[in-house]
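Engineer: Fold the following.
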Amino acid sequence: MTNEPDINLSNELALAIRIADAADAISLPYFERQNFTLSRKADQSEVTEADRNTETAIVELIAHHRPDHAIYGEEHGHAGNASSPWKWVIDPIDGTSNFVRGVPVWATLIALVHDIDGPVLGVISAPALPRRWWGARGIGAFANGRPMRVSDVSTIAEAQVSVTFNSGWDHVGGTAALVALQQRAYRARGYGDFWQHMLVAEGAMDVAVDAVGVAPYDLAAIQPIIEAAGGMFTDRLGQATHLHDSAISSNGVLHDEIIALLVGLRQDPTVQVFQVFLDVVEHGLGCFEFAPVRGVNPLEVRLEVLV
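Structural biologist: Prediction:
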């Protein structure tokens with residue numbers, strides 16, 4: 001990591017935790033009372049005044065305590081010192097769709113990112129669960145104040161995986177490979193958003209595959225926590241970054257195999273047939289006799305496309 005004379009990660013982590021306290025004090029009452037106005041952004045994702053007000057409070061605290069740092073938030077964009085090598089990246093409420101429906105799986109995500117070294121610390125606070133995770137390079141990873149560590153599961157057949165499907169995986173031709181991964185795993189679930197990654201950091205899950213289409217503020221706080229817990233965090237092609245549109249976390253032992261499956265299976269003829277099936281179903285173009293069980297040999301598919 002680049003040595004900066006004006007930074008002490010222990011102090012920065014302590015500040016991030018205090019900021020999370022302040023964020024919880026704003027967001028949780030909104031959630032408990034469900035007294036907010038819901039609107040939609042240009043991409044049709046939900047946003048409430050709880051999102052905006054929480055981010056405003058976070059930005060004000062960072063600007064007060066770290067006036068020389070840059071800030072980037074989901075709701076209000078860029079603020080602070082744009083020339084700083086240090087940037088705070090925040091998502092005031094990750095999981096707004098859960099928040100507005102009364103589902104307690106949502107969190108405030110706070111990260112400190114260096115322009116060369118990437119995310120160096122993260123705090124994820126989910127007050128409705130209630131759970132809080134944090135981690136930093138050289139300091140370790142913690143869940144509600146207790147040290148946490150990824151699992152040592154070494155085979156996909158023994159692994160518990162969490163997968164978030166969305167249309168983005170269809171667009172990159174990866175849905176069939178995700179299905180195959182789930183079928184090879186011991187158990188598959190869909191916890192979603194930040195939670196699936198934090199379960200990997202705790203060792204409760206072994207692999208988490210996020211949606212395609214995520215943004216830096218969705219991922220910046222997750223990466224350093226996973227890494228501090230001994231795991232690996234990359235995009236779907238295996239690059240260790242929070243800047244791309246996909247994210248996979250694992251216990252590290254399984255990571256290369258997971259990436260190889262997701263990339264390699266897209267070239268597998270059987271999986272390609274399954275992807276055609278999914279594409280045609282989506283567009284209502286055909287009828288099928290289909291047995292989508294990986295390991296059944298051969299995989300019998302009859303496809304009649306109506307033209």
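Engineer: Next, the nearest residue to Val253 once chain neighbours are set aside: phi, psi?
Structural biologist: Nearest residue to Val253 in three dimensions, chain neighbours excluded: Ser154, at 5.1 Å (C-beta to C-beta, 6 or more residues apart in numbering). Just so you know, the C-beta spots here come from the backbone N, C-alpha and C atoms, and that holds for glycine as well. Dihedral angles of Ser154 (phi, psi; degrees, to the nearest 10) stand at phi -120, psi 0.
Engineer: got it, and Val163?
Structural biologist: On the backbone of Val163 - angles per degrees, to the nearest 10 - the values are phi -130, psi 130.
Engineer: any idea how far it lies from Pro224?
Structural biologist: Val163 sits 23 Å away from Pro224, going by C-beta to C-beta, to the nearest Å.
Engineer: Same question for Leu262.
Structural biologist: To Pro224, Leu262 is 23 Å away according to C-beta to C-beta.
Engineer: same thing with Asp152?
Structural biologist: Taking C-beta to C-beta as the measure, Asp152 falls 21 Å from Pro224.
Engineer: What ranges in the stretch 1-150 of the chain fall below the confidence cut-off?
Structural biologist: Residues of the stretch 1-150 of the chain meeting the criterion pLDDT under 70: 1-6, 42-44.
Engineer: One more pass at 80, please.
Structural biologist: Counting by pLDDT under 80, the stretch 1-150 of the chain contains low-confidence ranges at 1-6, 41-45.
Engineer: residue ranges of the helices in it, please?
Structural biologist: Secondary structure of the stretch 1-150 of the chain by DSSP state H, counting those that start in this stretch: the helices cover 9-33, 49-65, 96-101.
Engineer: okay, Leu262 and Pro224: which has more neighbours?
Structural biologist: Ranked by neighbour count (other C-beta atoms under 10 Å), Leu262 and Pro224 place Pro224 first, with 28 against 22.
Engineer: Helix, strand, or coil at the more buried one?
Structural biologist: Classification of Pro224 using DSSP: H, G, I helix; E, B strand; the rest coil returns helix.
Engineer: Quickly note the distance from it to Val179.
Structural biologist: Pro224 is 31 Å from Val179, where distance means C-beta to C-beta.
Engineer: cool, Gly73 as well?
Structural biologist: 35 Å.
Engineer: I'd say Glu158 and Tyr186 touch.
Structural biologist: Yes. Using C-beta atoms under 8 Å, Glu158 makes contact with Tyr186 at a distance of 5.2 Å.
Engineer: Distance to Leu219 and mean neighbour count added to the helices of the stretch 1-150 of the chain, as a markdown table?
Structural biologist: Below are the helices of the stretch 1-150 of the chain laid out as a markdown table (distance: least, C-beta to C-beta, whole Å; neighbours: other C-beta atoms under 10 Å):
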| stretch | distance to Leu219 | mean neighbour count |
| --- | --- | --- |
| helix 9-33 | 16 | 17 |
| helix 49-65 | 17 | 19 |
| helix 96-101 | 16 | 18 |
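Engineer: Which of these sits closest to Val113?
Structural biologist: Nearest to Val113 among those is helix 9-33; the distance by C-beta to C-beta comes to 11.1 Å.
Engineer: Could you give the separation of that closest one from the chain centroid?
Structural biologist: 19 Å (C-alpha atoms, centre = their mean, to the nearest Å).
Engineer: what sits up against that helix?
Structural biologist: With contact meaning C-beta atoms under 8 Å, 6 or more residues apart in numbering, helix 9-33 is reached by 36, 48-50, 53-54, 57-58, 61-62, 65-66, 92-93, 99, 102, 104, 106, 108, 110, 112, 120-123, 125, 127-128, 132, 134, 136-139.
Engineer: For ChimeraX, what selects the buried ones among the residues you listed?
Structural biologist: Per 16 or more other C-beta atoms under 10 Å, the buried members of the contacts of helix 9-33 correspond to this ChimeraX selection:
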select :36,48,50,53,54,57,58,61,62,66,92,93,99,104,106,108,110,112,120,121,122,123,125,127,128,132,134,136,137
